[in-house]
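**Q** Show me how the following folds:
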Amino acid sequence: MSPNISIIVPVFNEADSLAELYEEIRAAVPADVRWELIFVDDGSTDDTARIARTIAAGDDRVSLVSFYKNFGKADALDEGFKRARFEIIITMDGDLQDDPGEIPNLLAKLDEGWDMVSGWKKKRHDPLSKRLPSKVWNAMTQLLTGLKLHDFNCGLKAYRAKVVKTIELYGGLHRYIPALAKQKGFTVTEIPVNHRARRHGQTKYHTARFFHGFFDLLTITFLGKYLSRPLHFFGLIGLVLTGLGFGICTWLTIGWFAGHWIGDRPVFFLGILLLIVGVQFFSLGLLGEMVVKTNRRSEQRVRKIQPDQ
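**A** Residues are numbered from 1 along each chain as shown. Coordinates of the predicted model:
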């Protein structure tokens, strides 16, 4: 049985691309598949919204969500995920660089049993100034998340609905959807996809996004590994600091017994400071554990218990 699919396209100032993208999507979706297309206009200042409304007026499978200002891609995707009605969701960018012709390939890979399939722009048609930082960022993301993907930020992805209904997107976390899905226990893979050179408009990429992405990566790494066990994070720091402080104070104490005055030595105050800060980190970890334990008691995990037949 063919799946029903929701196609979500976040757009920002892509008026020149929408009509062509819509026609390519119509041609790419298999004839026996029921589908919907959701354009999410992220506060465009050109004719993007008007053109999307015109397309939607002529095809009841197409809908438009318009933001009153630019909130960012993560918010646009999150809004699209909330409105998606079908069991399979496909996302792609609206600049025609993602090829809708890859939709059948994504669906075929998903049919193998994966929860999420991410595109890999193996042959990428972007300038070096964009490709090089992306390679560094992808390698760093692999290292910190443990997920071996070549291209985390490819816009072309396919998901089962349970994946997108579980993860929460905000800020710049759209770059890490595969990692977020893996943290939730879903299976993630990737396939090479066709990537095309930009034909219209201008790239939305700026160098500052690389640094913002780094802080977002630290966020998901911390939340994914230590949100349910904060003492493992704060306790490790506290252990290191306390150990250093205790070592310094022990060394000074030995010197004091040997007749060396330590009261006016700066290293003495450093040792005391390390001990105090180390204990504070332990305290933060313990407080975090108390909060987590309280929340886990009230967390609802089981939707419904069926009575024995």
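**Q** Was I right to think residue 144 contacts residue 221?
**A** Yes. Using Cβ atoms under 8 Å, residue 144 makes contact with residue 221 at a distance of 4.8 Å. In short, each C-beta sits where N, CA and C put it, glycine included.
**Q** mind giving me the domain ranges of the chain?
**A** Here the domain parsing of the chain from automatic domain parsing is 5-226, 230-298.
**Q** Of those, flag the one that's most buried.
**A** domain 5-226 (a mean of 18; mean count of other Cβ atoms under 10 Å).
**Q** sec struct for the closest residue to residue 199 other than its chain neighbours, please.
**A** Of all residues not flanking residue 199 in the chain, residue 96 sits nearest, at 5.5 Å (Cβ to Cβ, 6 or more residues apart in numbering). Taken by DSSP: H, G, I helix; E, B strand; the rest coil, the conformation at residue 96 corresponds to coil.
**Q** Over to residue 7?
**A** Counting by three-state DSSP, the backbone at residue 7 sits in strand.
**Q** Mind listing the residues bridging to it?
**A** Per DSSP bridges, residues listed as beta-bridge partners of residue 7: residue 37, residue 90.
**Q** returning to what we had before: would TSV of the domains of the chain with mean pLDDT be doable?
**A** Shown next, in TSV, are the domains of the chain (pLDDT from 0 to 100):
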stretch	mean pLDDT
domain 5-226	87
domain 230-298	83
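**Q** Let me see the contact set for the residue lying closest to residue 150 once chain neighbours are set aside.
**A** Nearest non-adjacent residue to residue 150, counting by Cβ to Cβ, 6+ apart: residue 120, 4.8 Å away. Counting by Cβ atoms under 8 Å, 6 or more residues apart in numbering, residue 120 makes contact with 149-151, 154, 190-193.
**Q** where's the residue nearest to residue 199 relative to residue 219, distance?
**A** Distance, residue 96 to residue 219, using Cβ to Cβ, to the nearest Å: 31 Å.
**Q** Then residue 112?
**A** Distance, residue 112 to residue 219, by Cβ to Cβ: 31 Å.
**Q** correct me, but the residue nearest to residue 199 touches residue 195?
**A** No. Applying Cβ under 8 Å as the test, residue 96 and residue 195 come out as separate, 10.6 Å apart.
**Q** what helix or strand does the closest residue to residue 147 other than its chain neighbours sit in?
**A** Distances taken as Cβ to Cβ, 6+ apart put residue 182 closest to residue 147, at 5.0 Å, once the chain neighbours are dropped. Following DSSP states H and E, one finds residue 182 within helix 177-183.
**Q** The helix or strand that that helix is followed by pairs with which strands, and in what direction?
**A** The C-terminal neighbour of helix 177-183 among helices and strands, as given by DSSP H and E, is strand 188-192. Strand pairing for strand 188-192, using DSSP bridges, gives strand 116-120 (parallel).
**Q** Tell me how far the strand it pairs with lies from the chain's centre.
**A** Offset of strand 116-120 from its chain centre (Cα atoms, centre = their mean, to the nearest Å): 13 Å.
**Q** middle-most residue in this protein, spatially?
**A** Nearest residue to the geometric centre of the chain (Cα atoms, centre = their mean): residue 176, 2.4 Å.
**Q** now that residue: how far from residue 80?
**A** As judged by Cβ to Cβ, residue 176 and residue 80 stand 17 Å apart.
**Q** Kindly report the same for residue 100.
**A** Distance from residue 100 to residue 80, by Cβ to Cβ: 16 Å.
**Q** before we move on, what about residue 177?
**A** Relative to residue 80, and taking Cβ to Cβ, residue 177 is found at 12 Å.
**Q** Which parts of the stretch 201-309 of the chain are helices?
**A** With helices called from DSSP state H, counting those that start in this stretch, the stretch 201-309 of the chain shows them at 208-226, 230-257, 266-298.
**Q** nope, the stretch 51-200 of the chain is what I meant
**A** Per DSSP H, counting those that start in this stretch, the stretch 51-200 of the chain carries helices over the ranges 73-83, 103-110, 128-145, 161-164, 177-183.
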